[in-house]
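> Quick check, what structure comes out for this input:
(one chain, ligands or ions: 1)
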Amino acid sequence: MKSAVFHAFGDIDVIRIVDVEIPATGESEVLVRVRAAAVNPKDTFIRKGRFAALTGSGFPMRTGFDFSGEVGHVGSGLTGYKEGDPVYGMLDGWEGGTCAEYLVVKPHQLSIKPTNLSFEEAAALPLVSLTALQALRDEAHIKSGFHVCINGAAGGVGSMAVQIAKCFDATVTAISSRQNHKFLRDLGANRCIDYHDTDITSSQERFDIFFDVFGNQLFDNVRPILAPKGVWVSTVLRPEVGEAVERTRDSKGQCARLVIVRADREDLNQVRQWAEAGLIRPVIQQVFPLADIAAAHRQQESKHTRGKLVVTIP
Ligand SMILES: NC(=O)c1ccc[n+]([C@@H]2O[C@H](COP(=O)([O-])OP(=O)(O)OC[C@H]3O[C@@H](n4cnc5c(N)ncnc54)[C@H](OP(=O)(O)O)[C@@H]3O)[C@@H](O)[C@H]2O)c1
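Residues are numbered from 1 along each chain as shown. Just a heads-up that it's a prediction; the model follows:
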């Protein structure tokens, strides 16, 4: 089967499409015939070696964490799926591999694909929507009527966070460049702010949740615009974030949290229900054939992608 791999850390030219064996399916695993995958910043960081302490350096490394496709084979110890079922999901941890014709996954990493979405659309959802859901619900305890600010609202995670915050009946302020404001209002944002001309941290606002998706608004800068019990959540694993999380671990007032997305079948079911009810929709900037995966990585590295980049598997 075809699989996108790299044999050394480096720039996009290290990515190769190679022929490898179809992986064996364990007793408690499902073999998926992948129809579409999506690219995330994580793929580009891993490829460059930025997470080498976590990935190790066992080459070749495979790439891609989101997938949609059809069940090809079900391990003998599993029930609930049959050959041909349309599924979607994500890998967790640091080993990718969804940009390939076949993929072996564990039961918590997949669920039935939303019936109203194409394979391309379904592949655009898992990692970013679970990140947004787990940040807002599990870390920040979002409630109806909360005022939520999302910094980096136009990207993969941000565009899902806007929609998921609306599912919880929150009021959403979205921060992005001006060219994305109409797009974000159409997704449900109540108010949009352009980071080029407005410093949100100097405003008179008081947010119940500040979700720093982009990763350039540190907790201490944001405190003046957080409500007394407000929660700041970051997506970015870096020392200042860890320090703020540690410092506010037992705080009864403002606190800092870090989301680390995990694959979860119940959360994939929740996302499917919202998608089928028309409450959330995937946002795809561009679809690339597997042969052009390097171009998808290049676009992801621009840091100005609107929504997601999807890769179709022939
Ligand atoms: N911890 C976890 O489990 C987890 C999970 C998922 C993602 N992440 C991390 O979260 C971050 C975002 O991921 P993503 O998939 O959403 O990335 P992405 O899709 O590449 O985000 C691109 C967006 O960033 C916006 N942006 C660029 N410069 C900005 C600025 N100065 N201020 C505010 N927004 C700006 C752009 O909007 P404009 O074009 O309007 O500027 C663009 O739409 C990445 O670092 C990723 O690694 C972590």
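
> what sits against the residue most central in space within the chain?
With distances taken as CA atoms, centre = their mean, residue 128 lies nearest the centre of the chain, 2.1 Å away. Residue 128 makes contact with 40, 156-157, 159-160, 308 under the criterion CB atoms under 8 Å, 6 or more residues apart in numbering. From N, CA and C alone the C-beta is placed, and that goes for glycine too.

> Likewise for residue 103?
For residue 103, the contacting residues are 23, 31-32, 34, 67, 69, 97, by CB under 8 Å, 6+ apart.

> thought residue 64 was touching residue 96?
Yes: the criterion here is CB atoms under 8 Å, and residue 64 meets it with residue 96 at 5.0 Å.

> more crowded one of those two?
Shown here are residue 64 and residue 96; by other CB atoms under 10 Å, residue 64 has more neighbours (29 against 24).

> does the more buried one sit in a helix or strand, and which one?
Per DSSP states H and E, residue 64 falls between elements, in no helix or strand.

> Next, count neighbours for the residue in the chain positioned nearest to the ligand.
Closest to the ligand within the chain is residue 155: 2.3 Å, counting by CB to the nearest ligand atom. Residue neighbour count, defined by other CB under 10 Å, stands at 25 for residue 155.

> residues contacting the closest residue to it other than its chain neighbours?
Distances taken as CB to CB, 6 or more residues apart in numbering place residue 305 nearest to residue 155, at 6.1 Å, with adjacent residues excluded. Counting by CB under 8 Å, 6+ apart, residue 305 touches 155-156, 285, 299.

> Which ones among the residues you listed lie within helices?
156, 299 (DSSP state H).

> which of the contacts of residue 305 tops the neighbour count?
Counting neighbours by other CB under 10 Å, residue 156 comes out on top of the contacts of residue 305 with 31 neighbours.

> Mark which of the contacts of residue 128 are buried, thanks.
Applying a neighbour-count criterion of 16 or more other CB atoms under 10 Å, the buried members of the contacts of residue 128 are 40, 156-157, 159-160, 308.

> Save these as JSON lines, and put in pLDDT too.
Shown next, in JSON lines, are these (pLDDT from 0 to 100):
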{"residue": "40", "pLDDT": "98"}
{"residue": "156", "pLDDT": "98"}
{"residue": "157", "pLDDT": "99"}
{"residue": "159", "pLDDT": "98"}
{"residue": "160", "pLDDT": "98"}
{"residue": "308", "pLDDT": "98"}
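
> farthest pair in those residues?
40 and 159 (13.2 Å; CB to CB).

> correct me, but residue 70 touches residue 32?
Yes: with contact defined as CB under 8 Å, residue 70 reaches residue 32; the gap is 7.0 Å.

> more neighbours, those two?
Using other CB under 10 Å, the more surrounded residue of residue 70 and residue 32 is residue 32, with 28 against 16.

> The more buried one and residue 111: what is the separation?
Using CB to CB, to the nearest Å, one gets 12 Å for the distance from residue 32 to residue 111.

> joint contacts of these two?
Residues touching both residue 32 and residue 111 (CB under 8 Å, 6+ apart) are residue 87.

> what stretches of the stretch 201-314 of the chain score poorly on pLDDT?
By pLDDT under 70, the stretch 201-314 of the chain has no low-scoring segment.

> Straight-line length of stretch 16-34, end to end?
Start-to-end span of stretch 16-34 (CA to CA, to the nearest Å) is 18 Å.

> any residues touching that stretch, and which ones?
Residues contacting stretch 16-34 (CB under 8 Å, 6+ apart): 1-7, 60, 67-78, 81, 87, 98-107, 110, 290-291, 293, 313.
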